[in-house]
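In: sequence first, then the predicted structure:
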Amino acid sequence: MKKFLLGLATIAFVPMMTAQTNTSETPSGFYIGVNAGYNMPMSPRNVGFFGWNTWREGLVNFTRPNSGPDKFDDVPLSLGKGINFGMSIGYMFTENLGAELGANYLLGAETKSLQRNESGTDIIDQKISGKMVQLSPTFVLKGNYSQLNPYAKLGLVFGLGTKVTYEENEIFNNQPYDFIQVADGGTPVGFTGAIGMDYNLKPNLSLFGELKAVSLSYSPQKAHVTKYTENGVDKLPTMTVRNKETEFLDSYTQSTANTEPWRANRINLPFSSIGLNIGVKYNF
């Protein structure tokens, strides 16, 4: 993934260097931009039944029938998939070299999985999605043509306010069991890179389109249940802290007290993506 990001910058490097002797009407200095786009998953991790809601063990008091083995979907998962939109502010030190700070909000798309036994008496639908503010300080290399200018960006990405929502809807012996769990806490750090093209409409105004890649994984610190119903009856008010809350730790000793959170091994959820962004930029 890191080699891929370096490759993006290399692809754009040669035409930029050949553009240095051209005269551009676009001034150096500060600029701001707004953008929107869609991300596709990159470097997904294959998961079956997701398997990260450790707290649920023993929560529902029923005995599963001896009706043959369960079947699991094998799902390629990257929570970086989805719509993103944001803005950026940058400064060109010269006509070819600058720095930029971008802030994008990722509204992640749902990934679904299914577990079922052979008799059909137990069917579990699962959904998982993520939301995140991605703060990206990058270096910018840019061409210097009069109207159409290639550019490349390379830098870091920080995930802020990350939330991962896991939803499970189960039908067991014709009775529904539904719950939602949200994981959050922690600040993931990764790498980002992009190649794009500026089209100058006026000396201070341009359109741009770019192909952007993000290499990032997220390890939440905690999770909590926001919904749990059995056969349509809300069971959340009667749940203990042990059943409602989870702490993800590198190492732990499990507590049996109902007033303390369930403890589980730390997990890493993939957020890598590659996507196309379009936007408008104004140069001061």
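Out: Nice, thanks for sending it over.
In: please make it C-alpha for all contacts and neighbour counts, starting now.
Out: Will do.
In: moving C-terminal from the helix or strand bottoming out on mean pLDDT in the chain, which element do we reach first?
Out: Each helix and strand of the chain was given a mean pLDDT (mean pLDDT, DSSP states H and E); the minimum falls on helix 2-18 at a mean of 47. Using DSSP states H and E, the helix or strand that follows helix 2-18 in sequence is strand 29-41.
In: quick one: low-confidence ranges for the stretch 51-200 of the chain?
Out: Across the stretch 51-200 of the chain, residues meeting the criterion (pLDDT under 70) sit at 51-73, 118-120.
In: helices of that one, residue ranges please.
Out: Here the stretch 51-200 of the chain has no helices by DSSP state H, counting those that start in this stretch.
In: in it, which spans are strands?
Out: For the stretch 51-200 of the chain, strands defined by DSSP state E, counting those that start in this stretch occupy the ranges 70-72, 74-77, 82-92, 97-108, 111-117, 122-142, 148-172, 175-184, 189-202.
In: hey, what's the spatially closest residue to D198 that is not a sequence neighbour bridged with?
Out: In space, D198 comes closest to F208 once its chain neighbours are excluded; the distance is 4.4 Å by Cα to Cα, 6 or more residues apart in numbering. For F208, the beta-bridge assignment (DSSP bridges) gives partners D198, G279.
In: and if you look at W262?
Out: According to DSSP bridges, the residues that bridge with W262 are T246.
In: surely it and Y252 touch.
Out: No: with contact defined as Cα atoms under 8 Å, W262 and Y252 do not form a contacting pair (10.3 Å).
In: what does stretch 271-283 contact?
Out: By Cα atoms under 8 Å, 6 or more residues apart in numbering, the surrounding residues in contact with stretch 271-283 are 26-44, 78-81, 203-218.
In: equivalent analysis for stretch 37-44, please.
Out: By Cα under 8 Å, 6+ apart, the list of residues contacting stretch 37-44 from outside reads 1, 76-85, 270-278.
In: tell me the buried residues in that stretch?
Out: Within stretch 37-44, the residues scored as buried using 16 or more other Cα atoms under 10 Å are 37-44.
In: excluding sequence neighbours, find me the nearest residue to N35.
Out: Nearest residue to N35, sequence neighbours excluded (Cα to Cα, 6+ apart): G279, at 4.0 Å.
In: no wait, V225
Out: Q181 (4.3 Å).
In: show me what contacts the one you found?
Out: Under the criterion of Cα under 8 Å, 6+ apart, the contact partners of Q181 comprise 53, 165-167, 223-227.
In: let's see that with 7 Å instead.
Out: Residues counted as contacts of Q181 (Cα atoms under 7 Å, 6 or more residues apart in numbering) are 165-167, 223-226.
In: same check, this time on L77
Out: For L77, the contacting residues are 44-47, 111, taking Cα under 7 Å, 6+ apart as the criterion.
In: same question for V182.
Out: For V182, the contact set (Cα under 7 Å, 6+ apart) comprises 163-166, 223-225.
In: one more pass at 8 Å, please.
Out: Contact analysis of V182 by Cα under 8 Å, 6+ apart lists 163-166, 223-226.
In: quick one: buried ones out of those residues?
Out: A residue is treated as buried here by neighbour count (16+ other Cα under 10 Å); on that basis the buried members of these are 163-166, 223-225.
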